[in-house]
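Undergrad: Turn this into a structure:
(2 chains, ligands or ions: 2)
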Amino acid sequence: MKCDICNIFDHKSAFKIIYEDELCTALMHESPANYGHVLVIPTGHYTIMELVPDKIIEHVFSVSNLISTALFETLNIQGTNIIVNNGVEAGQKEPHFYINVIPRTENDGINFEWKAEPANEDSLKTAELKLNEVIGKMTVQQEEKKPLEIHESIEKVDDEDYMFKQLRKIP
Amino acid sequence: MTEDSEQQCVFCKIIKGEIPSKKIYEDNIISAILDINPANLGHMLLLPKTHYQIMPQVPETELGHMFKIAKHLSNCILKANLANSSTIFVANGAGAGQKAPHFMIHVIPRLKNDGLFDIPKRKATEPELEKVKNVLIGKLKERLGRDPVPINENKNLDKNIPEPLDLEKEPEKKEKVKEEKSVKKKPKKETKKKEKNEEDVDIDKLTDLLTK
Ligand SMILES: [Zn+2]
Ligand SMILES: [Zn+2]
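TA: Ligands and ions are numbered 1, 2, ... in the order given. Just a heads-up that it's a prediction; the model follows:
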């Protein structure tokens, strides 16, 4: 069964696409949280954020920033939210990672606030220790080259489309 | 972004160590600390060391780096068993819930029924969507100096897409496999289940849940 989000890429004309390059597509959400709600979706089928290569992460968030700025400059809004709900408990519904860029206006009825209450010091310490242990082992790939600039687009595409065909086979 | 506001900024003071904090990650571009008033336990704040007020002020490479580290820290939340899901959140502007004049990315562990970050869905009409689409395309065209939606879209676009990171491969060298050179790896084959490290996050299970 094909992923609903991947399906978008096969039926592009049916969607309100506002930006597109080799690595991602941005389109208007059809059931927006607010007027101007945009989804930025990587072309590759990555179920959760942890599976997305660093280079793609950098790129899709740069595109989200570009779109956030465009929203600011065109709509009468007071801010934007960038949100990724990553995983089932976070409310992720589709098995394909994407980013929400949501314009915010006064009295828009959206509530992303949380109760800012001090955490118990002991439990904070425990969380800190647990995290320090795994973060200590974290190895981040060092920059070899700059991430793909948004400005350079799709000029260089090579013939190897096998990678994409392979991708399609993976549920 | 005056020098004055920078000197007043609580987060600049935290970064400099003038105010104590629970720092959990640091490199030359960012510091990450635990939020002492967390949405859920393990809530992290990623702060650029330079005082930028809002996201558009952050240079592209720094912003890319920040979100890349956000991804890795999200993975650490899973590995530390604080949660099986996470939310990456940016409030850009006071109207979006930004509380401090120092740009930051929130990485928040998510628990079942925690009631956070519920994105409402509203009905939108076709003409309404078409209108805002055209407005945005116009602005993006101006900013990029080119058409943001290339016309020959279906011909050559769908190529050269890096595959998902293969977290299953060579479990004994999991860290390396996960973090390095994912782009150059061969296409993923139908994966057989391999034995896993006990500490490993069961990415398969997480993704399966989504696929069902
Ligand atoms: Zn997909
Ligand atoms: Zn500051």
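Undergrad: Make sure I have this right: A:Phe61 is in a helix.
TA: Yes. With DSSP: H, G, I helix; E, B strand; the rest coil as the criterion, A:Phe61 is part of a helix.
Undergrad: pLDDT score for it?
TA: Looking at A:Phe61, its pLDDT reads 98.
Undergrad: Equivalent analysis for the one 5 residues further on, please.
TA: Each residue has a pLDDT score; the one for A:Leu66 is 96.
Undergrad: hang on, A:Val60 packs against A:Cys24?
TA: Yes. With contact defined as Cβ atoms under 8 Å, A:Val60 reaches A:Cys24; the gap is 5.0 Å. C-beta here means a position set from N, CA and C on the backbone, and glycine is covered the same way.
Undergrad: more crowded one of those two?
TA: Neighbour tally, A:Val60 and A:Cys24, criterion other Cβ atoms under 10 Å in any protein chain shown: the higher count belongs to A:Val60, 27 against 23.
Undergrad: Enumerate every residue touching the residue in chain A that ligand 2 sits nearest to.
TA: Nearest residue of chain A to ligand 2: A:Gly79, at 18.3 Å (Cβ to the ion). Counting by Cβ atoms under 8 Å, 6 or more residues apart in numbering or on different chains, A:Gly79 touches A:Pro103, A:Arg104, B:Ala91, B:Asn92, B:Gly93, B:Ala94, B:Gly95, B:Ala96, B:Gly97, B:Gln98.
Undergrad: Near A:Asp122, how many other residues are there?
TA: So A:Asp122, with other Cβ under 10 Å, has 8 neighbours.
Undergrad: Apologies, that question was intended for B:Gln57.
TA: 14.
Undergrad: And the residue of chain A closest to ligand 1?
TA: Closest point on chain A to ligand 1, by Cβ to the ion, is A:Cys3, at 3.0 Å.
Undergrad: residue contacts, the closest residue to that residue other than its chain neighbours?
TA: By the measure of Cβ to Cβ, 6 or more residues apart in numbering or on different chains, the closest residue to A:Cys3 outside its immediate chain neighbours is A:His96, 5.1 Å from it. By Cβ under 8 Å, 6+ apart, the residues touching A:His96 are A:Cys3, A:Asp4, A:Ile5, A:Cys6, A:Ile41, A:His45, A:Tyr46, A:Thr47.
Undergrad: ok, so of those, who is nearest B:Glu126?
TA: A:Asp4 (19.7 Å; Cβ to Cβ).
Undergrad: residues in contact with the closest one?
TA: A:Glu94, A:His96.
Undergrad: Would you point out which residue is most central in chain A?
TA: A:Ile99 (2.8 Å; Cα atoms, centre = their mean).
Undergrad: quick revisit: got the phi and psi for the residue nearest to A:Cys3?
TA: phi -150, psi 120 (degrees, to the nearest 10).
Undergrad: same deal with the one 3 residues further on?
TA: Reported as degrees, to the nearest 10, the phi and psi values for A:Ile99 are phi -110, psi 130.
Undergrad: likewise B:Ile15?
TA: Dihedral angles (degrees, to the nearest 10) for B:Ile15: phi -60, psi -40.
Undergrad: Next: the one 5 residues further on.
TA: Dihedral angles of B:Pro20 (phi, psi; degrees, to the nearest 10) stand at phi -70, psi 150.
Undergrad: Near A:His11, how many other residues are there?
TA: Around A:His11 there are 8 residues (other Cβ under 10 Å).
Undergrad: Please report how far it lies from A:Leu27.
TA: According to Cβ to Cβ, to the nearest Å, A:His11 and A:Leu27 sit 11 Å apart.
Undergrad: A:Asn85 too?
TA: Taking Cβ to Cβ, one finds A:Asn85 at 18 Å from A:Leu27.
Undergrad: for A:Glu89, same thing?
TA: Relative to A:Leu27, and taking Cβ to Cβ, A:Glu89 is found at 26 Å.
Undergrad: Next: B:Leu78.
TA: Counting by Cβ to Cβ, the gap from B:Leu78 to A:Leu27 is 29 Å.
Undergrad: isn't B:Val149 right next to A:Glu20, touching?
TA: Yes. B:Val149 lies in contact with A:Glu20 (Cβ under 8 Å); the separation is 5.0 Å.
Undergrad: Could you check which of those two is surrounded by more residues?
TA: A:Glu20 (22 against 19).
Undergrad: Give me the below-cutoff pLDDT ranges for chain B.
TA: B:1-4, B:152-159, B:167-209, B:211-212 (pLDDT under 70).
Undergrad: Any residues of it in contact with ligand 2? List them.
TA: B:Cys9, B:Phe11, B:Cys12, B:His51, B:His102 (Cβ under 5 Å from the ion).
Undergrad: So which of those residues are in strands?
TA: In this view, those have no member that belongs to strands under DSSP state E.
Undergrad: Among the residues you listed, name the ones in helices.
TA: B:Phe11, B:Cys12 (DSSP state H).
Undergrad: Need the max-distance pair from the residues of chain B next to ligand 2.
TA: B:Phe11 and B:His51 (7.9 Å).
Undergrad: Now the common contact residues for these two.
TA: Joint contacts of B:Phe11 and B:His51 (Cβ under 8 Å, 6+ apart) are B:His102.
Undergrad: ok, and does stretch A:15-30 reach over to chain B?
TA: Yes. Using Cβ under 8 Å from any Cβ of the partner chain, stretch A:15-30 reaches chain B at A:Lys16, A:Ile17, A:Ile18, A:Tyr19, A:Glu20, A:Asp21, A:Glu22, A:Leu23, A:Met28, A:His29, A:Glu30.
Undergrad: Same check on stretch A:39-48?
TA: Yes. Part of stretch A:39-48 sits near chain B under the criterion Cβ under 8 Å from any Cβ, namely A:Thr43, A:Gly44, A:His45, A:Tyr46, A:Thr47, A:Ile48.
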